[in-house]
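Undergrad: Quick one, fold the following:
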Amino acid sequence: MSCTILFLLLKDDIIVFSKYYKKMQKGISMGAIERSGYRFVPEYSVIQQNGAIHVYNRESFIEEIQFQFSGKYPELDQIEELVDAYCNKHNI
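TA: This is a model prediction of the structure:
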């Protein structure tokens, strides 16, 4: 299994940007979600208890879906619900 994690330092907070294609398929960890040519890449801040899902169509950035969560990390179900709602709203 391959796994890539990039830690970005932003104003004394660590934002985890993760990409786990194989692990995501097994439901082990959060990573990019792909739907009909669109890619949804979540990132979050544990300290600020918020995050965003970056929406890409192929390689082009489309927009950012912002959200809040509680705990050590956002639940995968919460991310999937946001992606589902976005796809339904935009007929994806």
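
Undergrad: which secondary structure elements does the top helix by length along the chain contact?
TA: Scanning the chain for the helix with the most residues, using DSSP state H, yields helix 76-89. For helix 76-89, the helices and strands in contact under the criterion 3 or more C-beta pairs under 8 Å, 6 or more residues apart in numbering; DSSP states H and E are strand 33-35, strand 38-45, strand 50-57, strand 60-68. Backbone N, C-alpha and C define where each C-beta goes, glycine included.

Undergrad: Need the winner for burial among these.
TA: Here the criterion is mean neighbour count by mean count of other C-beta atoms under 10 Å, and of these the winner is strand 38-45, at a mean of 19.

Undergrad: Pull out the CA atoms of that one and give them to me as PDB.
TA: Listed in PDB are the C-alpha atoms of strand 38-45, where the atom choice follows Å, rounded to 0.1, in the frame of the first residue of the first chain:
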ATOM      1  CA  TYR A  38     -14.200  15.100 -10.200                       C
ATOM      2  CA  ARG A  39     -11.800  14.700  -7.300                       C
ATOM      3  CA  PHE A  40     -12.600  15.800  -3.700                       C
ATOM      4  CA  VAL A  41      -9.600  16.300  -1.500                       C
ATOM      5  CA  PRO A  42     -10.200  17.000   2.200                       C
ATOM      6  CA  GLU A  43      -7.900  18.800   4.500                       C
ATOM      7  CA  TYR A  44      -8.400  19.900   8.100                       C
ATOM      8  CA  SER A  45      -7.100  21.600  11.200                       C
END
